[in-house]
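*Asks:* fold the stuff below for me.
(chains A and B)
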Amino acid sequence: MSSRRSRSRQSGGSRITDDQINDLVSKLQQVLPELRNRRSDKVSAARVLQETCNYIRNLHKEADDLSDRLSELLETTDGTSAQAEIIRSLLTQ
Amino acid sequence: MENVSQDQAKNNQIRWRSAAEQKTYSSKLVEALRHVRRSSPPDNVSSRGRAVREKADKVLAIAAKGRMRWSRAILKKRLKLRLSNHKKAKDRSKLAAAGNSRRKNLKIEVPKKKRLRPLQRRVRVLGRLVPGCRKLSLPNLLEEVTDYIAALEMQVRAMATLTELLTGANAVAGNVAESSNRLEISRQLEHPPQS
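*Replies:* Model prediction:
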């Protein structure tokens, strides 16, 4: 394994090495549903970082959409506590 | 401070993906949301949605049990927000009484842009997406990102399931008499559609 030090200027005291970036990138690739089956030498570091950011943003968006939907649903189930009880008991089984 | 060993990290991943963790999260979320409704409800759709999202994030952060920086950052942010709102209200009344504006003397410092390699730039963007992780070193950022992603995935799964449950319960409740109602609901809830 080559230990090439990064050629960039030091930024704020912490030098980010190429090896660190490669390590980050290969581990991230395993986490991404789109990329985990590809060989790591076929996917660029930039792509993995981009996909990771996109993936997190998508998850945030899904959470927002689901929150909106849930808030609507909870408004309408307000009166029927029987349903809420059923849901809760089944969730805690 | 955030030294999670490899094994711990792996266990965390397994935990976020377990059915048990999702169930625990779901029931805590349901409980928290009913609490929201009982307190003063905001009167428009988007702020209700936002309130739900905030609760969902808070319950998620608590589920991490203080292990990860992103979770502590979420809880800290909410605390800071509440305190700063309180402080803002106090300041506003002070200013109104004193009649001066201190803001004219504030200098806003714009930091000089550092030349970053494109990869480092992307790493920085990534750091901004994870709560509290803007200035983390790379190895720590990696830990936080992988844990955060697993947690978010669970959050989405749990909320999607909850949405399906409530949709089903609503649909059935509208039509049938109460006893057969309960039977139908419990049957649907026992076999939720897998997505």
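*Asks:* low-confidence ranges, chain A, go.
*Replies:* A:1-15, A:40-41, A:77-86, A:89-93 (pLDDT under 70).
*Asks:* wondering if the lengthiest helix in it reaches chain B at all.
*Replies:* Ranked by number of residues, the top helix in chain A under DSSP state H is helix A:45-76. Yes: legend: contact between helix A:45-76 and chain B by Cβ under 8 Å from any Cβ of the partner chain is shown at A:45-46, A:49-50, A:52-53, A:55-57, A:59-60, A:62-64, A:66-76. In this view, the C-beta of every residue, glycine as well, is placed from N, C-alpha and C.
*Asks:* report the buried members of these.
*Replies:* Buried members of these, counted by 16 or more other Cβ atoms under 10 Å in any protein chain shown: A:45, A:49, A:52-53, A:55-56, A:59-60, A:62-64, A:66-74.
*Asks:* dihedrals phi and psi, the residue most central in space within chain B?
*Replies:* With distances taken as Cα atoms, centre = their mean, residue B:57 lies nearest the centre of chain B, 1.6 Å away. Torsion angles at residue B:57 (phi, psi; degrees, to the nearest 10) stand at phi -70, psi -40.
*Asks:* leaving out chain neighbours, which residue sits closest to it?
*Replies:* With Cβ to Cβ, 6 or more residues apart in numbering or on different chains as the criterion, residue B:57 has its nearest non-adjacent residue at 5.6 Å, and that residue is residue B:74.
*Asks:* just the element for that neighbour, please.
*Replies:* Here residue B:74, judged by DSSP states H and E, is contained in helix B:69-98.
*Asks:* helix or strand right after that helix?
*Replies:* Following helix B:69-98 toward the C-terminus (DSSP H and E): helix B:118-129.
*Asks:* list the buried residues of that following helix.
*Replies:* Neighbour-count burial for helix B:118-129 [16+ other Cβ under 10 Å]: B:119, B:120, B:122, B:123, B:124, B:126, B:127, B:129.
*Asks:* contacting chain A as well, which ones from these?
*Replies:* Answer for the buried residues of helix B:118-129 near chain A (Cβ under 8 Å from any Cβ): B:119, B:120, B:122, B:123, B:126, B:129.
*Asks:* list the contacts of residue B:9.
*Replies:* Remark: with contacts taken as Cβ atoms under 8 Å, 6 or more residues apart in numbering or on different chains, residue B:9 is in contact with B:143, B:146, B:147.
*Asks:* report the separation between the closest residue to the last one other than its chain neighbours and residue B:157.
*Replies:* Right, the one you point to is residue B:147. Distances taken as Cβ to Cβ, 6+ apart put residue B:68 closest to residue B:147, at 5.0 Å, once the chain neighbours are dropped. According to Cβ to Cβ, to the nearest Å, residue B:68 and residue B:157 sit 19 Å apart.
*Asks:* same check on residue B:147?
*Replies:* Applying Cβ to Cβ to residue B:147 and residue B:157 gives a distance of 16 Å.
*Asks:* settle it for me: which of those two has more neighbours?
*Replies:* residue B:147 (25 against 18; other Cβ atoms under 10 Å in any protein chain shown).
*Asks:* verify the stated contact: the more buried one with residue B:14.
*Replies:* No: using Cβ atoms under 8 Å as the test, residue B:147 is too far from residue B:14 to be in contact (11.6 Å).
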